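> How does the following fold in three dimensions:
(2 chains)
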2 protein chains.
Amino acid sequence: MAARTPPEAAGAGTASAGTDPGSDAPAVLPGGAVTARALARRLGVSQSMISRAFSPGASIAPAMRARILAAAEALGYRPNFIAASLSRRRSSLVGLVMGELSNPFYPAVLEQFSQALQAAGFQTLLFTVPPGQEADAALPLLRQYHVDAVVVTSASLSSAGAAHWRGDGRSALLFNRAGDGPTPLDSIACDNVGGGRLAAEALLARGRQRPAFVAGRADTSTSREREAGFFAVFAERGLAPPRRIEAGEYSYAAGHRAALAAGDTDGLFFANDILALGGLDALRHGRGRRVPEEVSVIGFDDIPMAAWPAYELATLRQPVAAMVAASVALLRARLSGQAGPEPHRQRLPAELLRRASL
Amino acid sequence: MAARTPPEAAGAGTASAGTDPGSDAPAVLPGGAVTARALARRLGVSQSMISRAFSPGASIAPAMRARILAAAEALGYRPNFIAASLSRRRSSLVGLVMGELSNPFYPAVLEQFSQALQAAGFQTLLFTVPPGQEADAALPLLRQYHVDAVVVTSASLSSAGAAHWRGDGRSALLFNRAGDGPTPLDSIACDNVGGGRLAAEALLARGRQRPAFVAGRADTSTSREREAGFFAVFAERGLAPPRRIEAGEYSYAAGHRAALAAGDTDGLFFANDILALGGLDALRHGRGRRVPEEVSVIGFDDIPMAAWPAYELATLRQPVAAMVAASVALLRARLSGQAGPEPHRQRLPAELLRRASL
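Next up, the predicted model:
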């Protein structure tokens, strides 16, 4: 079969990269089914019409698409997305780089992203990185799989990594993260500063005198932004700044430890819900403090457990569905060339849920 | 460029499937870097040696691999996995099909699977299906991306879907699921029957007289097997069968409802932890029952929240890390042809964790 491909094409073509060109060059469809050409001939349409029928969002009359899909099903034709990606330079794959999934906020993000991408005709190539490690390690692999775009959430991307990635003309989006390096990136997140302000105002309205903030990991923009909004309200009103406690990571255990070390406070704002749940248990079961009679507690995210009767945690709800929808819309705009050259930075408002812990 | 490829090759070759052959046939490496051929020439080695250096598990001397990787880095060579997959018929992609991620057991499974696959040189193509829907819808897409294998967890695969998939010579593995249809599949799970027996023995040892089982979704083998083991112990001892309550789904809310409807029972075994946590809150906050003084509660899975002080839920711990390791080892054996033709079915033991709710 290899003899049918001229040597110069085999030498320079992608199909031979990383493998021996003389061994097993592709000439038949894996799976052995009918080709696009045979299907097109049978239906009396062009091959590009067949291609459009299988491309989400492509311009084609609905009746024509239905006719082609029905014939493809009957004849066993399967479009080969990988081969198509070689010529179209599109794989319909989106790389999703995530850190830890142990914070229950992120499984919900992942599930909603996966389903929204599927609905838009994309598949999710998942890459997980250990907490605290940068997403850069994923980029060479994602490049090799020709992903159309990369979404980074619960992990960070170095400026060098971002610059290298974008230098290839690829799209990168930070989700629930700010891109504050010298290479600005598209980013979609909650208005964390505004959420921090709402938490401060709620504690002050409740008459709390000795507030404290429990920070998450220092390298996360979410914790820094929530802290900035929280402290700004006290500064603007000429009040003493709240106490600040460093949890160091986003976990139930870290929140538990932070609350045990919080000293004399009557109002705790945690950088996120999983910290706040550990804190609530430490206050009640570890220190015998009554919530909210003696101390108010506010979290951030609105993970499912926050609403459970054992917790009834007041929190800032992140509009995850809207954030995911905005992200997928932005990816589609980028891939179709309908977004401008400058990075798009969107902040969606957080909503204060006044539950019993406040 | 298209003129360099003979028409008969373009018509039958995978590179033209689903796209217009005259538009943009591949002749240069995306990214514009050095080709495998150039790298091989530079190093004085064969192209298949280059290929082996980038193939996890391929036979190559470590010093040669290190030399090739260093030269590739210096010259900007990137192996094109997608093109390689066309000739090797391998993509190093594993499709992971999951149902809902809202049960906290599954994010942990997903994270461990993703990391174990990455360590073994595979990437995870994630496909999520709505709860109760079969994984079959994912198969055509996964086939188009040439995944080496599919792992189905927290979702089920129809017998027809399994037969069709395996008819293509592809590997499929059920994780935390039994393959009990006419087409047996590889499956790796916890010994759910044994776990159910341990729960029954623990409640009987505690002197409980009016036990009950809260079932999950009827279409899940996990719930059926845990129930079978639980009931078998009572039958073998000549005791009346426990009460049976149908939760209908795996959620906190369903467990809450089931416990409110459980009537007069002094020992509840829930089909999984997320049900049991809802049940615990309903017993304490909804019905004012004292746990464990008046009623014992046992779950299954050992999700992180089970250990929180607000719950202290006794449960059957699933050995997730060992189950994932066994799964990845089995996939590798299947892909290298070292596993026999018959399906491999492995059950790892569950461990009873005696926490305060018992």
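> Can you give the domain ranges for chain A?
Following the assignment in automatic domain parsing, chain A carries domains at A:2-88, A:93-189+A:320-348, A:192-319.
> Would you reformat those as CSV and include mean neighbour count, mean pLDDT and distance to B:D301?
From N, CA and C alone the C-beta is placed, and that goes for glycine too. CSV is the format used below for the domains of chain A (neighbours: other C-beta atoms under 10 Å in any protein chain shown; pLDDT from 0 to 100; distance: least, C-beta to C-beta, whole Å):
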stretch, mean neighbour count, mean pLDDT, distance to B:D301
domain A:2-88, 18, 58, 36
domain A:93-189+A:320-348, 20, 86, 15
domain A:192-319, 21, 96, 15
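> quick one, helices of chain A?
A:7-12, A:36-43, A:47-53, A:62-75, A:81-88, A:105-119, A:139-144, A:159-167, A:192-205, A:221-236, A:252-260, A:273-281, A:320-335 (DSSP state H).
> Redo those helices as a markdown table? Include distance to chain B.
A markdown table is the format used below for the helices of chain A (distance: least, C-beta to the nearest C-beta, whole Å):
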| stretch | distance to chain B |
| --- | --- |
| helix A:7-12 | 5 |
| helix A:36-43 | 5 |
| helix A:47-53 | 4 |
| helix A:62-75 | 10 |
| helix A:81-88 | 4 |
| helix A:105-119 | 4 |
| helix A:139-144 | 5 |
| helix A:159-167 | 10 |
| helix A:192-205 | 23 |
| helix A:221-236 | 19 |
| helix A:252-260 | 7 |
| helix A:273-281 | 5 |
| helix A:320-335 | 13 |
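> Redo those helices as a markdown table? Include distance to B:L335.
Listed next are the helices of chain A as a markdown table, based on distance: least, C-beta to C-beta, whole Å:
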| stretch | distance to B:L335 |
| --- | --- |
| helix A:7-12 | 26 |
| helix A:36-43 | 29 |
| helix A:47-53 | 31 |
| helix A:62-75 | 29 |
| helix A:81-88 | 18 |
| helix A:105-119 | 25 |
| helix A:139-144 | 18 |
| helix A:159-167 | 30 |
| helix A:192-205 | 44 |
| helix A:221-236 | 40 |
| helix A:252-260 | 38 |
| helix A:273-281 | 37 |
| helix A:320-335 | 32 |
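> closest to B:P341 out of those helices?
B:P341 sits nearest to helix A:81-88 of all these, at 27.9 Å, using C-beta to C-beta.
> My guess is A:G95 contacts A:Q123. True?
No: with contact defined as C-beta atoms under 8 Å, A:G95 does not reach A:Q123; the gap is 10.3 Å.
> before we move on, the earlier item: can you tell me which of the helices of chain A comes nearest to A:G267?
helix A:192-205 (4.1 Å).
> So which elements touch the closest one?
strand A:211-215, helix A:221-236, strand A:267-270, strand A:296-301, strand A:314-317, strand A:351-353 (3 or more C-beta pairs under 8 Å, 6 or more residues apart in numbering or on different chains; DSSP states H and E).
> could I get those as CSV with distance to B:L157?
Below are these laid out as CSV (distance: least, C-beta to C-beta, whole Å):
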stretch, distance to B:L157
strand A:211-215, 44
helix A:221-236, 38
strand A:267-270, 41
strand A:296-301, 34
strand A:314-317, 36
strand A:351-353, 39
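> In a markdown table, list the domains of chain A along with distance to B:E294.
Output for these, formatted as a markdown table (distance: least, C-beta to C-beta, whole Å):
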| stretch | distance to B:E294 |
| --- | --- |
| domain A:2-88 | 56 |
| domain A:93-189+A:320-348 | 30 |
| domain A:192-319 | 18 |
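> For B:W165, which of those domains is the nearest?
Comparing those by C-beta to C-beta, domain A:2-88 comes nearest, at 11.2 Å.
> circling back: do you know which of the helices and strands packed on helix A:192-205 lies nearest A:A247?
A:A247 sits nearest to strand A:211-215 of all the helices and strands packed on helix A:192-205, at 5.3 Å, using C-beta to C-beta.
> could you give the angle of the closest one to strand A:296-301?
30 degrees (axes from the mean of the first three to the mean of the last three C-alpha atoms, to 10 degrees).
> elements contacting strand A:211-215?
Strand A:211-215 packs on helix A:192-205, helix A:221-236, strand A:243-246, helix A:252-260, strand A:267-270, helix A:273-281, going by 3+ C-beta pairs under 8 Å, 6+ apart.
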